[in-house]
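Undergrad: no sequence for this one, just the structure:
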């Protein structure tokens, strides 16, 4: 007899595996960002407006899920810009390089490695350092 559900492992690298429950949950993690242009009728969907017709003005701060940030982040059209979450910034990378054994990565974010590898999709000058920290923390 066969099982009803065969577990699918998470995707590795820059692409998610949409058959993996872990990757689906990881893609819901929020990213801080900023609207680089006016976003019509999206204020309510992003939890920033009262009515469904409200627009987000240019320069508004946002918290968007990873899947939406990947769709809206385009270096040519400049719809939104994405900032690094605090656990991937330089201050935390310094803590990890000092002693990664004392940091509870699950408390920081249950999908630290997968989410960090997805951050490499965005144009950031800190991408090499993020990749190096993820690699060192996994060893």
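TA: Happy to help now that I have it. Predicted model, so just to flag it, every value in this text is computed and none were measured. Numbers count the residues shown, from 1 in each chain.

Undergrad: Spatially central residue (nearest the centroid) of this protein, please.
TA: The central residue of the chain, meaning the one whose C-alpha is nearest the mean C-alpha position (C-alpha atoms, centre = their mean), is residue 66 at 4.3 Å.

Undergrad: That one and residue 33 touch, don't they?
TA: No: using C-beta atoms under 8 Å, residue 66 is not in contact with residue 33, being 10.7 Å away. Heads up, the C-betas are built off the backbone N, CA and C, glycines and all.

Undergrad: lowest-confidence helix or strand of this structure?
TA: Taking mean pLDDT, DSSP states H and E as the measure, the helices and strands of the chain show their lowest mean at helix 105-108, namely a mean of 74.

Undergrad: next one: it to chain centre, how far?
TA: For helix 105-108, the separation from the chain centroid amounts to 15 Å (computed by C-alpha atoms, centre = their mean, to the nearest Å).

Undergrad: Okay, buried residues for that helix please.
TA: Of the residues in helix 105-108, those scored as buried under the neighbour-count criterion (16 or more other C-beta atoms under 10 Å) are residue 105.

Undergrad: just the strands in the chain please.
TA: In chain order, the chain shows strands spanning 30-35, 61-65, 80-82, with DSSP state E as the criterion.

Undergrad: Pick the most buried one from the ones you listed.
TA: Highest mean neighbour count among the strands of the chain (mean count of other C-beta atoms under 10 Å): strand 80-82, with a mean of 20.

Undergrad: Identify the neighbouring strands of that one in the sheet and state each direction.
TA: As defined by DSSP bridges, the strand partners of strand 80-82 come to strand 30-35 (antiparallel).

Undergrad: which residues are contacting the strand it pairs with?
TA: Counting contacts by C-beta atoms under 8 Å, 6 or more residues apart in numbering, the residues outside strand 30-35 that touch it are 56-66, 69, 79-85.

Undergrad: Flag every buried residue along the lengthiest helix in the chain.
TA: With secondary structure taken from DSSP state H, the chain has its longest helix at helix 127-138. Buried positions in helix 127-138, judged by neighbour count with 16+ other C-beta under 10 Å: 130, 133, 134, 137.

Undergrad: and of those, the nearest to residue 113?
TA: Minimum distance to residue 113 across the buried residues of helix 127-138 is 5.8 Å, recorded for residue 134 (C-beta to C-beta).
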